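Asker: give me the fold of what follows.
(2 chains)
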Amino acid sequence: MRLWRRPKPAELDNEVQFHLGALMEEKVAHGLTREQAKREAVLEFGGTGQITEELRDVHRLPVVDAIVTRLRYAWRVLRGSPSFSLTVIATLALGIGANTAVFSAIDAVLLRPLPYPDPDRLVVLHEYRAKQERPESFLAPARLEDWNRLNSSFQAISGYFTEDTVDASGPLPVKIKRAFVAPRFLQVLGISPALGHDFTSDDEHFHGYVPGNVLISNRFWREHFHADPNAIGKPLLQNGSSATVLGVMPAGFAFPEDVDFWIVGAPDAPFAKNRRNTWFTGIGRLKRGVTEAQARANLDLVQHQLAGEFPATDADLTAESKALKETTVGTARASLWLLFGAVSILLLMACINVASLLLARGMERAHEFSLRVSLGASRGTVVSQLLAETLLLASGGTVVGLALAAASAKVLAVMEKSIPRIGEVGLDWRLFLYTAVCAVVVTLLSGLFPALQASSTALSATISRGGRAQVSGVRPAQSLLVSVQVALAVCLLFGAGLLGRSFQALSNVAPGFDAAQVLAFRLTGSYGETVDLAGLRNKINRTLDELRALPGVEAAAASLTLPGVPFEYPVEATSPDSPLDPARRISAESRYVSQGYFATMHIPLLSGAGCDQRADATGAVVNRSFVSTYFGNRPVVGHHLIGAPNPFGLAPSAVLGVAADARETGLDREPGPTVYWCGPPPDPGRYYLLRSTGAPSALANAVRERIHTVDPARAVYDLAPLREHLNQSFAEARLRTVLLGLFAATALSLACVGLYGTMTYLVTTRRREIGLRMALGARRNEVGLRFAGRGLAVTGIGVLAGLGLAIWSARFVSGMLYSVQANDATALAGAVLVMFFVALLASAIPAFRATRVDPMQILREQ
Amino acid sequence: MAVDKAGLLQGTLDMLILKIVALGPVHGYGISQRIRQISQEVLQVQQGSLYPALHRLEKRGWLDAEWGESDNGRQAKFYKLSTQGRKQLAAERLHWNRLSEAVQVIMQTAR
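Answerer: Predicted coordinates for the structure are as follows:
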């Protein structure tokens, strides 16, 4: 404490001034005038500048001084060998850059709090019926209001759902996305509009089906209102008959997703009052100090009370809750930690490379160190001097690495939009802190060992050690470092091999449908249309007929979901008129498809027919595994199925046919029992699937034009070949496979450079020995083989250790593999072979150089 | 006769300061005055040595310092001896006595 306290300059000055003053008064007392007294006092006191200087010496901190001296000297040393310094900085920059880039993604996606005040208190709520196959369901508006009113754990509860709709006011209809929100939506999130104001309680009541007030997103405001501050009170769309803009949300506010505007879904609307109608995803803000578990218990109590009041609709129902943060991260967590593990291995390898470079350099500088030691430097001085050099190098590497990370984070965000919150990646203080810690760790990892080695060499070596030693060599430590690198590289290669083989297996899977030459797109619609399901079905069929009439279209169909893109819609059903035990519950995956679906997707029908044209009757098609699971070998066609519970109130469906199994719920999932309901569900979203005779994307313009002619109020969106939709659904798997492959390749080259460097160094330092051996009769190829063998031996040890490490670490990818075992022999053998092949190359060149040594020249040099 | 810092034996100034300060809290000017008076004008400490020495002793923890009001009502920095300083003074006094005795003996026998 006393050590770190420096007197302030003013304090020193005051002390001196007091002394001068006292001297002067003494002189005045002796009879001098004030002027004379002052002059003499100053004379007697002497120069104040010198005192200040000496005081500064007194208060100087020895530790800081020593560090400055070390760094200054280190700077001179490193400037003296620029190629060495640049190599080290580049190696570390790569390691730190890759590491920081992945960490920045982890920081943004997993660590940084959500961009709302007190985000930990935000909880997502659903209804939960434990007895159902799909227990979790949306929240009924009426129930949401009851929960909000009766609970004691939440500040407020609100809810939302989104709908794709159309802006038909321009020359072409454009898809826009709106969110219907329950009352108190912004209050729960703790966000206010940047412009204008939140919904009033009047806005949150039902006023008939008339355009109400909306809050628009910042992007929508900039695109449609040119960021006009007077946009408040203007109509949302240009055609004038639409809702009025009430407020503009802050830039970057995108909850529940990137919507264009928010509108109230009033809980007191006639349709919303039915407690069976559920559509909100609930979101609540916990009161301070209340845990999620307490809140859920409280809601269950509330729900118990409601069950007494509304036994028909509210019995057997509980609340389901999840922290909002959990729901926004999704599956990216495992991938990100995997990649982080990989880049940490890379960084470790970079450190090892630098360490062996420093080791070699330490031997070259042995003379300098022993000189310093003999002149009185302590071992600590030598070590700290070397660490200072490494710290400078690591800092250089960190700065460059940070720049690399910033650049690659941008690339990552552009490449991979499927990872939630990836757009929030950016440099912040956490990242700087992280890289600073990185720099220190790197310094210690790569610098401490070589520094200790060099200083012990300095202590043992004598200055007079001539350059005439016949045998000098690579220390065991250096070989050990190379082996460690090889082990780490094998581990990464194995991991990359596993993911690669898994991804390949996924691409080669036979899905049971034919995705080639299929174009998929969606049309905007609304929940309003779904009230009349028969009418909706007619509309869809008319649209399909129009599409089928397009030249180049072979077949067309509609489906709620895309085949092969992960989506689950489990249903329970009974078959009252079948020989089946009526009490037996049938649970199956369900799909809603139009006529022509099986022909369009090339899913073969095994018996009966597909969904047909009859608009008035509903039918269903089941798949083969449905029949074998529930009907044995008995005929199923003609029996009826009815969903239980029947969420959409559909009539019993006659089974029209049996289709072959297809991987509807995801390419990586075995097909299970599936029911295809022939008809649209009450959901505005659906895909249109067109099988074309040529390239599917060539149909795009014709489709847009035809839809615009026959149905100008709808916008076409999400238009892409089905293959692209499928690829998109595996974007995360592909990204991690590509990145891990990239990291493994980098690791391989680092190990290769390490081996090459060590072998080259070995050959160089043993030139004399080699020359003498040759002069004494050793043959060239013997010498070459000796060195190559040494390289391969070092590799072999590393590979052995790497095998163990790889098998142990395979557990981290085992959950991400499809049809490949975590101990896959092919991937393991591949990793080992690649490593040996590269190691052979890396040691062949130095070995060959050893055979080129000219014994005569060596003898002359002696 | 004035004795500058070169004339004082190495470390002697520190001991003198500790001794003066041991008499009671005193500011830098007071220390130089007392050394001059008590030595009957034989020793006159240069301010250029006094203040660095004071700060060094303070930093070593032998002196404590605080600002207070001087006799003429102005703010001055007063130094006083810390517990550690008291021990140091005792050690230096012992050392000095042995040194001066030794010097005395040499000067007498070598007459």
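
Asker: and the nearest residue to A:Ala355 once chain neighbours are set aside, helix, strand or coil?
Answerer: Closest residue to A:Ala355 apart from its sequence neighbours, by Cβ to Cβ, 6 or more residues apart in numbering or on different chains: A:Ser446 at 4.3 Å. In this view, the C-beta of every residue, glycine as well, is placed from N, C-alpha and C. Of the three states, A:Ser446 takes helix under DSSP: H, G, I helix; E, B strand; the rest coil.

Asker: ok, and for the lowest-mean-pLDDT helix or strand in chain B, which residues are buried?
Answerer: None of the helices or strands of chain B scores lower by mean pLDDT, DSSP states H and E than helix B:47-60, at a mean of 85. For helix B:47-60, a neighbour-count test (16 or more other Cβ atoms under 10 Å in any protein chain shown) marks B:47-59 as buried.

Asker: next, count neighbours for residue 63.
Answerer: Unless you meant another one, I'm taking chain A. 9 (other Cβ atoms under 10 Å in any protein chain shown).

Asker: meant chain B, my bad for not saying
Answerer: B:Leu63: 22 neighbours (other Cβ under 10 Å).

Asker: please tell me I have it right and it contacts B:Val21.
Answerer: Yes - if you go by Cβ atoms under 8 Å, B:Leu63 and B:Val21 touch, sitting 6.3 Å apart.

Asker: write out the residues of chain B neighbouring chain A.
Answerer: Counting by Cβ under 8 Å from any Cβ of the partner chain, the residues of chain B close to chain A are B:27-29, B:32, B:46-48, B:51-52, B:55-56, B:58-59, B:61, B:70, B:72, B:74-77.

Asker: can you spell out which helices and strands pack onto the host helix or strand of A:Ala101?
Answerer: In this structure, A:Ala101 sits in helix A:82-106 according to DSSP states H and E. Applying 3 or more Cβ pairs under 8 Å, 6 or more residues apart in numbering or on different chains; DSSP states H and E, we find helix A:82-106 packed against helix A:62-80, helix A:332-364, helix A:379-415, helix A:429-460, helix A:731-765.

Asker: I'd like those helices as a markdown table, with mean pLDDT appended.
Answerer: Below are the helices and strands packed on helix A:82-106 laid out as a markdown table (pLDDT from 0 to 100):
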| stretch | mean pLDDT |
| --- | --- |
| helix A:62-80 | 84 |
| helix A:332-364 | 86 |
| helix A:379-415 | 84 |
| helix A:429-460 | 81 |
| helix A:731-765 | 86 |
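
Asker: tabulate those (JSON lines), appending distance to A:Asn538.
Answerer: Listed next are the helices and strands packed on helix A:82-106 as JSON lines, based on distance: least, Cβ to Cβ, whole Å:
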{"stretch": "helix A:62-80", "distance to A:Asn538": "79"}
{"stretch": "helix A:332-364", "distance to A:Asn538": "42"}
{"stretch": "helix A:379-415", "distance to A:Asn538": "43"}
{"stretch": "helix A:429-460", "distance to A:Asn538": "57"}
{"stretch": "helix A:731-765", "distance to A:Asn538": "37"}
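
Asker: quick one: which of those helices is nearest A:Arg285?
Answerer: When the helices and strands packed on helix A:82-106 are compared by Cβ to Cβ, helix A:332-364 sits nearest A:Arg285, at 24.2 Å.

Asker: which strands and helices lie in contact with that closest one?
Answerer: Secondary elements touching helix A:332-364 (3+ Cβ pairs under 8 Å, 6+ apart): helix A:82-106, helix A:379-415, helix A:429-460, helix A:476-507, helix A:731-765.

Asker: what's the overlap in contacts for B:Leu63 and B:Val21?
Answerer: Counting by Cβ atoms under 8 Å, 6 or more residues apart in numbering or on different chains, the residues touching both B:Leu63 and B:Val21 are B:Tyr79, B:Lys80, B:Leu81, B:Gly85.

Asker: want to try TSV for those residues, with neighbour count and secondary structure as columns?
Answerer: As requested, those are exported to TSV (neighbours: other Cβ atoms under 10 Å in any protein chain shown; DSSP: H, G, I helix; E, B strand; the rest coil):
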residue	neighbour count	secondary structure
B:Tyr79	24	strand
B:Lys80	15	strand
B:Leu81	23	strand
B:Gly85	22	helix
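
Asker: quick check, nearest of those to A:Val783?
Answerer: Nearest member of those to A:Val783, counting by Cβ to Cβ, is B:Gly85, at 73.3 Å.
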